[in-house]
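Undergrad: coordinates only, sequence not included:
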């Protein structure tokens, strides 16, 4: 079944994963290096981690990123679920809105740069002050583009007999949705929520254009650090973030009983 | 007077509609606005003076078309390279044992969930003149002088593939997961070679994942500007760089809008073309 | 019909709600109880510990926001009409533009405690002849940072030619990434100090920059010192502050001032017209000009202070001292940044250069 034989496959897999992980491991190891610039190992130190803890502006930016990511994930998931709820109403209503749900696929066809530019123009036109609120709005747009297609696709695949049975047994459509359909959609919902959270937290392009100057997020902060040179404080930061990402991924795996993603 | 209870369908509408409103208000209307502002002449005070195509025409010159073309080339090569690596990887992951599969997925997702700029930073450490790779190679005696790897097209491509690989792997993996392995066995039993099986059975049935992966990689790669700036020493101009220059500078906002519209239109045209190409050359319909 | 009405009003309700949240001024959601001011500055001009000391001493909270280019400052200030910021740090030519747009408030010199200590060479320049709107804060020159051993070994000249035309010796340079400055310097190299570029001259400048491109390792505004330190490039164009920071850590890095002359930038403190927190702002300004603060800024960022009483606190090597103590006459021979042609032309040229 496998194409190049077991050995060939293993070499390929290991090379790919090496490619993916070497930079991260190098970054992690060198966060303990005494030397600032990329250079050979010169000694062990905790100094950069101490500097990391002391940088209040960095933690403020981190906090901002977290707030924006949490808010946009929450809002887009809630709105997405309620939209699906509306679409789940039987009859003409549901079918009609179902066609319009195709509108949410637009996010995939437009580069983020274009979205960022148009949002910036839109906000300037309406004189909306740029800040945390506009960031949350922009990220929610991104989020909706993931939540609605993913959850709706899963919704369409659901066994209709379950909902039918529920309705026949006397539940109202609302009860059916929240007690039968929603639990079945939970895996997709959680997957898309995690996806939106990560994409929002790590987002760079939208934030670059739409954050205004009063809000500093983690991506922008790291960008200004990279632009002004190289500092191992960023190494220390990435080690910390890597640790947090691993935790999140482990939670994600714990929640899944099968290894299907969507 | 008691507030009349709206019928259930209206209640559902009331809570279901915000998502739609949001999408229209914050996605489609801004897009419309940017298209309009690229062909509308605005006077000093902001009053609309009339239609003009001069701003759009400004960008149909060799310089800018070259920029758009290099962006398309960049995005396309990214897609092709990612596909060549992602498909075998997803295939392997989908058909191995459960524990190994989970480990591989785990190891794939962690870099995916780390901040993109940190990845850029990590590659500095690897590719720098005195960085990890050069140190290794010199240590092993393979080269005498450090290789200049950063600030070139090579480093841009590496970073692009590095960042977009998971976007290509995950949809394909998702498709392969639902794949019925018996079909492959049946095909091989009936005498087809592995390649024929791949071309006529596996690939068409996973086309949905491949198409999703294509869009998830092709479209964003086109608008990339941070990677060429940081990894390429900002020596090349791509669509994203030009757009950010024009938008974030003074007085050139509508020019920036015009360029965005032009490049986006060209991008969509090429995307539709490639979509059609994929449809045409992969047997999807069963006779 | 009734259904349409109901649905229409629902949609209207949601739209109003969303817009209301967006327009809600952010400050009012989380009102800052303490007295505070918003400062908009370069990322590497105000030292954090100095600000922290100020906050401790006066109890005034300082919110720092950063921009990376004068244009960003101009765009953002124009967009908000100057509102939201109480102190900004524009470069020389930006002061002129902002003053013309009436976005700056007049400085009340009577409230400044340090005016007599200012270096007279920095006052009264063309961008603000009477210093009505700006107080010079720091200044720096555009110089070539060099790898000293390499420079001496190949006998390179301290001239702009080393940057724009590395032949016959083959080496790579680090060039700045700002199109306005790049075009200005290229024009200076080709045509001397001019005020305006004709179409022909612009073509000449474009050609020079395109020719230079094959020697350029990277267009790195803020990372020039990094390229010198990692020995990527033996020649880098940067401001004195960046080179100074590298020189402190790496003794093989030096600098040369090109013999044809060079450009100076003065960073100034200005107060936006829409600000109403002058009480607090003047306190910060006076604090920032104290000799200790100036010395700390120099030690951290390498920018030359605008006050003369700070000089004894800096530990300067002879070469630097010569530069810092430039008499006004020589200072006036230095050139200021200016825009030589329209924004559109500048952008066009830059795209042409980079995509060649």
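TA: Good, I have the coordinates. Because the structure is a prediction, the values reported are computed rather than measured.

Undergrad: Around residue C:337, how many other residues sit close by?
TA: 21 (other Cβ atoms under 10 Å in any protein chain shown). C-beta: built from backbone N, CA, C; applies to glycine.

Undergrad: By proximity to chain B, which residue of chain A wins?
TA: Of all residues in chain A, residue A:86 sits closest to chain B, at 2.5 Å by Cβ to the nearest Cβ.

Undergrad: And that residue, what's its pLDDT?
TA: On pLDDT, residue A:86 comes in at 84.

Undergrad: I'd assumed residue A:96 was in contact with it.
TA: No: judged on Cβ atoms under 8 Å, residue A:86 makes no contact with residue A:96 at a distance of 10.2 Å.

Undergrad: More neighbours: which of these two?
TA: Applying other Cβ under 10 Å to residue A:86 and residue A:96 shows that residue A:86 carries more neighbours, namely 23 against 10.

Undergrad: Now the closest residue in space to the more buried one that isn't next to it in sequence. Its backbone dihedrals?
TA: The shortest distance from residue A:86 to any residue other than its chain neighbours is 2.5 Å, reached at residue B:16 (Cβ to Cβ, 6 or more residues apart in numbering or on different chains). The phi/psi pair for residue B:16 (degrees, to the nearest 10) reads phi -90, psi -20.

Undergrad: So the residue of chain A closest to chain B lies in a helix, does it not?
TA: Yes: membership of residue A:86 in a helix is supported by DSSP: H, G, I helix; E, B strand; the rest coil.

Undergrad: How many residues are close by the residue nearest to residue A:86?
TA: Around residue B:16 there are 22 residues (other Cβ under 10 Å).

Undergrad: do the same with residue B:123
TA: Count around residue B:123 with other Cβ under 10 Å applied: 26.

Undergrad: For the host helix or strand of residue B:82, buried residues please.
TA: Using DSSP states H and E, residue B:82 sits within helix B:62-94. Neighbour counts using 16 or more other Cβ atoms under 10 Å in any protein chain shown place B:63-64, B:67-68, B:70-72, B:74-76, B:78-79, B:81-83, B:85-94 of helix B:62-94 among the buried residues.

Undergrad: now do stretch A:235-251
TA: A:235, A:236, A:237, A:238, A:239, A:241, A:242, A:245, A:248, A:249.

Undergrad: and chain B, which of these reach it?
TA: Restricting the buried residues of stretch A:235-251 to those adjacent to chain B (criterion: Cβ under 8 Å from any Cβ of the partner chain) gives A:235, A:237, A:238, A:241, A:242, A:245, A:248, A:249.

Undergrad: Shouldn't the third one be within a helix?
TA: Yes: under three-state DSSP, residue A:238 sits within a helix.

Undergrad: ok so, going back, columns pLDDT, secondary structure and distance to residue C:247 on top of the ones next to chain B among the buried residues of stretch A:235-251, output as TSV?
TA: As requested, these are exported to TSV (pLDDT from 0 to 100; DSSP: H, G, I helix; E, B strand; the rest coil; distance: Cβ to Cβ, whole Å):
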residue	pLDDT	secondary structure	distance to residue C:247
A:235	81	helix	24
A:237	85	helix	28
A:238	83	helix	29
A:241	85	helix	33
A:242	84	helix	35
A:245	81	helix	39
A:248	79	helix	44
A:249	78	helix	45
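
Undergrad: if we can go back for a sec, of the buried residues of helix B:62-94, which ones also sit close to chain A?
TA: B:85, B:88, B:89, B:92.

Undergrad: ranges for the helices of the stretch 1-150 of chain B?
TA: Applying DSSP state H, counting those that start in this stretch to the stretch 1-150 of chain B gives helices spanning B:8-23, B:29-39, B:54-58, B:62-94, B:98-112, B:116-127, B:132-139.

Undergrad: wait, which of those is closest to residue A:185?
TA: Closest approach to residue A:185 among the helices of the stretch 1-150 of chain B (Cβ to Cβ): helix B:8-23, 14.7 Å.

Undergrad: What residues sit buried inside that closest one?
TA: B:9, B:11-23.

Undergrad: Run a quick neighbour tally on the residue nearest to residue B:143 when sequence neighbours are not counted.
TA: Leaving aside its chain neighbours, residue B:143 sits nearest to residue B:137 (5.0 Å; criterion: Cβ to Cβ, 6+ apart). Using other Cβ under 10 Å, the number of residues around residue B:137 comes to 14.

Undergrad: Would you mind measuring the gap between the ends of stretch C:264-282?
TA: Start and end residues of stretch C:264-282 are separated by 26 Å (Cα to Cα, to the nearest Å).

Undergrad: Which one of the residues in chain B is closest to chain A?
TA: Nearest residue of chain B to chain A (Cβ to the nearest Cβ) works out as residue B:16 at 2.5 Å.

Undergrad: Now do the contacts for that residue.
TA: Residue B:16 is in contact with A:82, A:83, A:84, A:85, A:86, A:87, A:97, counting by Cβ atoms under 8 Å, 6 or more residues apart in numbering or on different chains.

Undergrad: list the helices and strands the helix or strand where the first one lies packs on?
TA: It refers to residue A:82. Using DSSP H and E, residue A:82 falls within helix A:56-88. If contacts are counted by 3 or more Cβ pairs under 8 Å, 6 or more residues apart in numbering or on different chains; DSSP states H and E, helix A:56-88 sits against helix A:91-100, helix A:132-157, helix A:182-201, helix A:218-227, helix B:8-23.

Undergrad: Kindly report which one of these carries the lowest mean pLDDT.
TA: helix A:91-100 (a mean of 71).

Undergrad: okay, how far is it across stretch B:197-205, tip to tip?
TA: Stretch B:197-205 stretches 11 Å from its first residue to its last (Cα to Cα).

Undergrad: And it, what's buried?
TA: Neighbour counts over stretch B:197-205 (16+ other Cβ under 10 Å) mark B:197, B:198, B:201, B:202, B:203, B:204, B:205 as buried.

Undergrad: who touches the first one in this structure?
TA: Contacts here follow Cβ under 8 Å, 6+ apart; on that basis residue B:197 touches B:184, B:187, B:188.

Undergrad: Now tabulate the residues you listed in a markdown table and tack on neighbour count and pLDDT.
TA: Converted to a markdown table, the contacts of residue B:197 look like this (neighbours: other Cβ atoms under 10 Å in any protein chain shown; pLDDT from 0 to 100):
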| residue | neighbour count | pLDDT |
| --- | --- | --- |
| B:184 | 18 | 83 |
| B:187 | 18 | 85 |
| B:188 | 15 | 84 |
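
Undergrad: among the residues you listed, which are in reach of chain A?
TA: Within the set of the contacts of residue B:197, contact with chain A (Cβ under 8 Å from any Cβ) is found for residue B:184.

Undergrad: Could you dump the contacts of residue B:197 into TSV and include secondary structure and distance to chain C?
TA: Below are the contacts of residue B:197 laid out as TSV (DSSP: H, G, I helix; E, B strand; the rest coil; distance: Cβ to the nearest Cβ, whole Å):
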residue	secondary structure	distance to chain C
B:184	helix	47
B:187	helix	48
B:188	helix	50
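
Undergrad: What is the nearest of the contacts of residue B:197 to residue A:72?
TA: For the contacts of residue B:197, the nearest to residue A:72 is residue B:184 (41.6 Å; Cβ to Cβ).

Undergrad: Quickly note the distance from the closest one to residue B:31.
TA: Separation of residue B:184 from residue B:31 (Cβ to Cβ, to the nearest Å) stands at 43 Å.

Undergrad: now residue C:60
TA: Using Cβ to Cβ, residue C:60 is found at 44 Å from residue B:31.
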